[in-house]
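Visitor: sequence isn't available, so here's the structure alone:
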């Protein structure tokens, strides 16, 4: 029969396991359970992904003032550049047809584009698909996506600082500076307050609004 352990007297602190180094406090060892370690790992993984959303909601400006220089041709044949969009607030969404979260957020992106286009918002989709361009066109047509979309190379994505996953959204102010960067399909929700704030900012003398991109530019 296994040897029975004597019960620990009430009030006596728990002893550290025999395998544990003496310099690790017993209280810390009691905390190091599998469930606690798993929870800590999830928090460490999620924190850098969730915090930018919180910053966008609270109006905390992104620390790195990145001003990307880019030029893309939409599926409708329009040439859009950082200079041509200067003076407008630009919501840049990096996505792919094979990305389920990207597909899930596209209706919300279209709603944002419709709601704030007259106020100076430009929604710009940057597809990283490497298949036939016609497949992207068909994908957009099936979902009635009318905001400008371009199929881009890694060079364009690098101009925005790169991405760690899809979808990733960048909110660019009227001066062409990236003010917020968020990852995940809730970007349209968490960036809405930031869109309103940036649209309310008065353009500088050097930021002259360009004509908005045609809503049928992806056709």
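Guide: Sure thing, it's come through. Everything numeric here is computed off the predicted structure, so don't read it as measured data.

Visitor: and the pLDDT for residue 186?
Guide: Residue 186 carries a pLDDT value of 75.

Visitor: what about this structure, any weak spots by pLDDT?
Guide: 1-64, 204-219 (pLDDT under 70).

Visitor: and if we set it to 80?
Guide: Applying pLDDT under 80 to the chain picks out residues 1-65, 186-187, 202-219.

Visitor: can you get me a residue count around residue 107?
Guide: A count of nearby residues for residue 107, using other CB atoms under 10 Å, gives 13. (C-beta placed from N, C-alpha, C; glycine too.)

Visitor: A helix includes it, no?
Guide: Yes - per DSSP: H, G, I helix; E, B strand; the rest coil, residue 107 lies within a helix segment.

Visitor: look up how far residue 172 lies from it.
Guide: Taking CB to CB, to the nearest Å as the measure, residue 107 falls 22 Å from residue 172.

Visitor: ditto for residue 154
Guide: 19 Å.

Visitor: where along the protein do the strands fall?
Guide: 71-73, 79-81, 89-95, 121-127, 149-151, 168-172, 178-183 (DSSP state E).

Visitor: could you list every helix and strand in contact with the fourth one?
Guide: Contact analysis of strand 121-127 by 3 or more CB pairs under 8 Å, 6 or more residues apart in numbering; DSSP states H and E lists strand 89-95, helix 100-116, strand 149-151 as its packing neighbours.

Visitor: starting from it, tell me which strands it pairs with and how they run.
Guide: Using DSSP bridges, strand 121-127 pairs in its sheet with strand 89-95 (parallel), strand 149-151 (parallel).

Visitor: which ones are touching residue 157?
Guide: 94, 126, 128, 163 (CB atoms under 8 Å, 6 or more residues apart in numbering).

Visitor: re earlier: winner for burial among the strands paired with strand 121-127?
Guide: strand 89-95 (a mean of 24; mean count of other CB atoms under 10 Å).

Visitor: the closest residue in space to residue 80 that isn't next to it in sequence and residue 147: what is the separation?
Guide: Spatially, and ignoring its direct neighbours in sequence, residue 80 is nearest to residue 72 (5.5 Å; CB to CB, 6 or more residues apart in numbering). According to CB to CB, residue 72 and residue 147 sit 13 Å apart.

Visitor: quick one: which of the two has more around it?
Guide: Neighbour count, other CB under 10 Å: between residue 72 and residue 147, residue 147 has more, with 26 against 20.

Visitor: correct me if wrong: that one contacts residue 110.
Guide: Yes - between residue 147 and residue 110 there is a contact under CB atoms under 8 Å: 6.5 Å.

Visitor: what touches both of those two?
Guide: By CB under 8 Å, 6+ apart, the residues touching both residue 147 and residue 110 are residue 123.

Visitor: mind listing what residue 150 touches?
Guide: 72, 73, 74, 75, 80, 124, 125, 126, 127.
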